[in-house]
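[1] turn this into a structure:
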Amino acid sequence: MPDDRPKMGPSTRSVHGGEPRIKAASAITNPIFQTSTFVFENLAEIQAFAASRNAGAPSRFEYGRYGNPTEQAATAKLVALEGGEDGILFASGMAAATVTLLGLLSAGDHMVITDEAYKKTREFAIKDLKRFGIACTVVPPDDYDAMAAAIRPNTKVFFTETPTNPRLWIIDLPRVAAFKQDHPDLVVVVDSTFGTPINIQPLALGADVALHSVTKYLGGHNDVLGGAIVGSKDVIGRIRPMHQTLGTIMDAHCAYLLIRGLKTLAIRVARHNENAQRVAEFLEAQERVTRVYYPGLASHPQHDLAARQMTGFGGVVSFDVGASQEDTFRFIEALKIPYLGPSLGGVESLVYHPASLTFDRYTPEERAAIGITDTLVRLAIGIEDADDLIADLDQALGQV
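    Numbers count the residues shown, from 1 in each chain. Reported below is the predicted structural model:
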């Protein structure tokens, strides 16, 4: 393989990125190191290791909570895909978000988060961090004047998500990154779960941390629970001690499954993009569908922005169907191919009614304020044949 990694295409980086040419026992795949402890031959080896660790460059593995060769291999591959310098894997996407914030913030600090960031992340930032003396301001995802005005002298983190869930709003990342010119201590964290490293590169657009729920597209087969962050060595180094203390490590078997998922990421995302574009165009033409949210459509208010900073528009299509919740329920339950479930990013299509589960504790007024209607449907497109998905949607719309 060529040494000039930046010139490698997305599929080549998915397969080979971050991997040594010759692996343990000359295996073509990275082995699963199913061990909690790594032993030493003698005390001299322990002393040498301790010296290397204290110098900030551990020479070997010590204990599973501090790293594992399989986990390290998965991290290296994701770092190569994101174009970063360092990264950390976590036991879940929420572990990635919460540990990142705890690692970057202290009592007396302030953060800004855009509305429509993942619900649990937003709640953690607003409610839980308050208990530790950390303040949070929520700003609209499209009001850059409000974003700028929200940043204080003690603001240390700007947290955003693009595309957003479930209305697929697009954040202008270079514009957000420009806030750092007047606030050099600001760290911009981008939840790029919906975007994937194939469709958008937050670090190249000025972000400091790209965050993922690897449960979604990166794993890709609905069989992995995990999270990840990628960024510079300096920023990731500030977060790692909190990660090691809290013990939110990804286990070796999940890391192996993540490596396997990442190797097909580029070709899967290409299929997700293609299917979602066709489905969105079909839905937009249907009288029984009142609105479609998909950045690949020219009708999306931020289509031009999405086209500038993304190479694909993703596999999630949200839309309002029918005139009532009853219409919407009839449509959802008439579908034959998508499973009814709250996740996304796997090879199987999933359909979901946000108002019934994720936002069920919100009042109708609170849901309306963030665009969550009783007729909103989120469809996470899988890699099935687009013609079959469209035919299924067509017959289900007949029930509305």
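[2] looking at this structure, which helix is longest?
    Longest helix of the chain, by residue count under DSSP state H: helix 265-284.
[3] so for whatever helix or strand comes next after it, what gets flagged as buried?
    Going down the chain from helix 265-284, the next helix or strand is strand 289-293, by DSSP states H and E. Within strand 289-293, the residues scored as buried using 16 or more other C-beta atoms under 10 Å are 289, 291, 292, 293. For the C-beta atoms, the positions are set from N, CA and C on the backbone; glycine is no exception.
[4] tell me the mean pLDDT for strand 289-293?
    Averaged across strand 289-293, pLDDT comes to 97.
[5] over to stretch 299-311?
    Mean pLDDT, stretch 299-311: 97.
[6] please compute how far it lies from its chain's middle.
    On the basis of C-alpha atoms, centre = their mean, to the nearest Å, stretch 299-311 sits 19 Å off its chain's mean C-alpha point.
[7] start to end distance for that stretch?
    End-to-end distance for stretch 299-311: 18 Å, by C-alpha to C-alpha, to the nearest Å.
[8] now the helices for the stretch 251-400 of the chain?
    Remark: helices assigned in the stretch 251-400 of the chain by DSSP state H, counting those that start in this stretch are 252-263, 265-284, 303-309, 325-334, 364-369, 386-397.
[9] can I get stretch 124-134 in PDB, CA atoms only?
    The C-alpha coordinates for stretch 124-134 follow below in PDB (Å, rounded to 0.1, in the frame of the first residue of the first chain):
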ATOM      1  CA  PHE A 124     -26.900  16.000  30.100                       C
ATOM      2  CA  ALA A 125     -25.500  19.300  29.100                       C
ATOM      3  CA  ILE A 126     -28.500  21.300  30.400                       C
ATOM      4  CA  LYS A 127     -29.400  19.400  33.600                       C
ATOM      5  CA  ASP A 128     -26.600  17.100  34.700                       C
ATOM      6  CA  LEU A 129     -23.700  19.400  34.200                       C
ATOM      7  CA  LYS A 130     -25.500  22.100  36.200                       C
ATOM      8  CA  ARG A 131     -24.900  19.900  39.300                       C
ATOM      9  CA  PHE A 132     -21.200  20.300  38.800                       C
ATOM     10  CA  GLY A 133     -21.300  24.000  38.400                       C
ATOM     11  CA  ILE A 134     -21.100  24.000  34.600                       C
END
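[10] now that stretch, how far from the chain's geometric center?
    Stretch 124-134 has its C-alpha centroid displaced from the chain centroid by 22 Å (C-alpha atoms, centre = their mean).
[11] who touches stretch 103-110?
    111, 129, 132-137, 152, 154-157, 187, 189, 235, 238-243 (C-beta atoms under 8 Å, 6 or more residues apart in numbering).
[12] returning to what we had before: of the buried residues of strand 289-293, closest to residue 72?
    Ranked by distance to residue 72 (C-beta to C-beta), the buried residues of strand 289-293 are led by residue 293 at 38.3 Å.
[13] disregarding residues adjacent in the polypeptide, which is nearest to that closest one?
    The shortest distance from residue 293 to any non-neighbouring residue, by C-beta to C-beta, 6 or more residues apart in numbering, is to residue 318 (4.2 Å).
[14] can you check residue 175 too?
    Nearest residue to residue 175, sequence neighbours excluded (C-beta to C-beta, 6+ apart): residue 144, at 5.8 Å.
[15] now do residue 352
    residue 378 (4.6 Å).
[16] surely the one you found touches residue 356?
    No - the criterion here is C-beta atoms under 8 Å, and residue 378 misses it with residue 356 at 11.0 Å.
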